[in-house]
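Q: Quick one, fold the following:
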Amino acid sequence: MEPIKITLKLAQESEIQELQKLSTESLIIWVVGKSREKGIKFTVEDITLECWLINPKKHSLRGYTQFPDSFVIIKRIFDMKGRKGLLEGSSQNGFFLTEISKRRYADLVALISKMGVPELSSKYAADRTISSIEEAPYKRLRKTPAYEKYSSNRVNEIVETDYLYFYGINWHTKDTVVESKIKNIDLIVKSFSDKDPLLEKVHKYLNEEFAYVKDKLLKRN
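A: The predicted model follows:
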């Protein structure tokens, strides 16, 4: 049995770059509006697949970009249908734009045709290429005093306890645990060095400035 080929039903290749700049809500409005314009009934599944095919980086499962994340799209659809009043209809009979969202759709179509969709700031957007399990320790490192002080040009304020906190250890931690935690954090920093060069700089500074702390912790026996 041959695998089912999933292809775009609405978006043209020339539109993809502009569509990828849209927020999830705006993209759903565009998909629903375009499907009605073409006389095609789009179910929740159809909307999910179209959004994913247009922008897999943003609408895929965390850590598995080859699969769409239906939860993200479905949650947004019913939020738009409920309190926001941007959609009407149902998953069985398809969705329609309301008078409010019809105006937004018209604006989106005009922007896309003129290649004028503004870039969205995605500083805090989740990176779908990595799993939440991988990202959690990275987020912790970004919130450490060492990272915050370094990023705000207060390097002279970084102290020994900041080094210990960065690695999640203290002077009472067993040497075997210290070694394990240091290795784990070093691997995390290496994994995210391309994504966050500043983290690599913080890591390098800590290990140069407080190398004696590591030596003492591992040579206590």
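Q: tell me the domain ranges of the protein?
A: 13-113, 132-218 (automatic domain parsing).
Q: With mean neighbour count, distance to residue 6 and mean pLDDT added, can I get those in JSON lines?
A: In short, each C-beta sits where N, CA and C put it, glycine included. What follows is those, written out as JSON lines (neighbours: other Cβ atoms under 10 Å; distance: least, Cβ to Cβ, whole Å; pLDDT from 0 to 100):
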{"stretch": "domain 13-113", "mean neighbour count": "17", "distance to residue 6": "6", "mean pLDDT": "91"}
{"stretch": "domain 132-218", "mean neighbour count": "15", "distance to residue 6": "25", "mean pLDDT": "90"}
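Q: Check this protein for its longest helix and report it.
A: Scanning the chain for the helix with the most residues, using DSSP state H, yields helix 175-191.
Q: helices or strands up against it?
A: helix 132-142, helix 160-167, helix 197-209, helix 211-218 (3 or more Cβ pairs under 8 Å, 6 or more residues apart in numbering; DSSP states H and E).
Q: Mind checking the domains of the chain for the one nearest to residue 5?
A: Each of the domains of the chain has some distance to residue 5 by Cβ to Cβ; the shortest is domain 13-113, at 11.5 Å.
Q: Quick check: closest non-adjacent residue to residue 178.
A: Leaving aside its chain neighbours, residue 178 sits nearest to residue 217 (4.8 Å; criterion: Cβ to Cβ, 6 or more residues apart in numbering).
Q: could you list every residue that touches that neighbour?
A: The contact partners of residue 217, by Cβ atoms under 8 Å, 6 or more residues apart in numbering, come to 169, 171, 173, 175, 178.
Q: Do a quick rundown of the helices in this structure.
A: 16-19, 24-37, 44-54, 56-59, 70-81, 99-113, 132-142, 145-151, 160-167, 175-191, 197-209, 211-218.
Q: need these in TSV with distance to residue 91, can you?
A: Listed next are these as TSV, based on distance: least, Cβ to Cβ, whole Å:
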stretch	distance to residue 91
helix 16-19	23
helix 24-37	12
helix 44-54	4
helix 56-59	17
helix 70-81	8
helix 99-113	17
helix 132-142	27
helix 145-151	44
helix 160-167	47
helix 175-191	39
helix 197-209	42
helix 211-218	56
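Q: Quick check: which of the ones you listed is nearest to residue 10?
A: Among these, helix 24-37 comes nearest to residue 10, with 4.6 Å by Cβ to Cβ.
Q: Can you check what angle separates that closest one from helix 44-54?
A: 110 degrees (axes from the mean of the first three to the mean of the last three Cα atoms, to 10 degrees).
Q: what sits up against helix 24-37?
A: Counting by Cβ under 8 Å, 6+ apart, residues outside helix 24-37 touching it are 9-11, 19, 22, 41-42, 46-47, 50-51, 54-55, 58-59, 72-73, 76-77, 80, 86-87, 94-97, 101-102, 104-105, 108-109, 112.
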